[in-house]
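> Structure of the sequence below:
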Amino acid sequence: MEYNNNLTPTGLAHKLIHELKILGDLLSTTVQKLIIKKFYEYILEHRSSIAEVTNLLPLEAALVVILVREHQAFYHEISELHKRMDELERENKELKKILNEEI
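Residues are numbered from 1 along each chain as shown. Model (predicted):
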């Protein structure tokens, strides 16, 4: 990807997002694709900082892939915790119901 030094930070952000969309389309899971879409927001939010460090951009693809994998693992762990919390809530309600019936 060649960057034009005349681009505004917003223009550069949109150019990065376009390239990221190409990478996102190549990822395998829906969760990964959702994570990439969230990155679009982050890029726009931090566009001024990103515009200042364009010499680091060759590392971008590798870092994005690493971040996606980490976010996917985190998302999975959070989902598992939510499932377990739901199970515990159901068990708690059942125990309360049993206790109320015995009283």
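> center of the chain - which residue?
With distances taken as C-alpha atoms, centre = their mean, Ile35 lies nearest the centre of the chain, 3.0 Å away.
> Low-confidence regions, the protein specifically.
The chain contains residues with pLDDT under 70 at 1-5, 54-62, 65, 103.
> So which residues of it form helices?
Ranges of helices within the chain are 9-26, 30-45, 47-52, 60-102, based on DSSP state H.
> I figured Ile35 hits His71, correct?
Yes: counting by C-beta atoms under 8 Å, Ile35 does reach His71; the two are 4.5 Å apart. Where C-beta positions appear, they are placed from N, C-alpha and C, glycine not excepted.
> Report the contact partners of the residue nearest to the centre of the chain.
Leu67, Val68, His71, Gln72, Tyr75 (C-beta atoms under 8 Å, 6 or more residues apart in numbering).
> Select only the buried ones of those in ChimeraX?
Of those, the buried ones can be selected in ChimeraX as follows, counting by 16 or more other C-beta atoms under 10 Å:
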select :68,71,72
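> and the contacts of Ile35 as JSON lines, adding distance to Glu91?
Compiled in JSON lines, the contacts of Ile35 are given as follows (distance: C-beta to C-beta, whole Å):
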{"residue": "Leu67", "distance to Glu91": "36"}
{"residue": "Val68", "distance to Glu91": "35"}
{"residue": "His71", "distance to Glu91": "30"}
{"residue": "Gln72", "distance to Glu91": "29"}
{"residue": "Tyr75", "distance to Glu91": "25"}
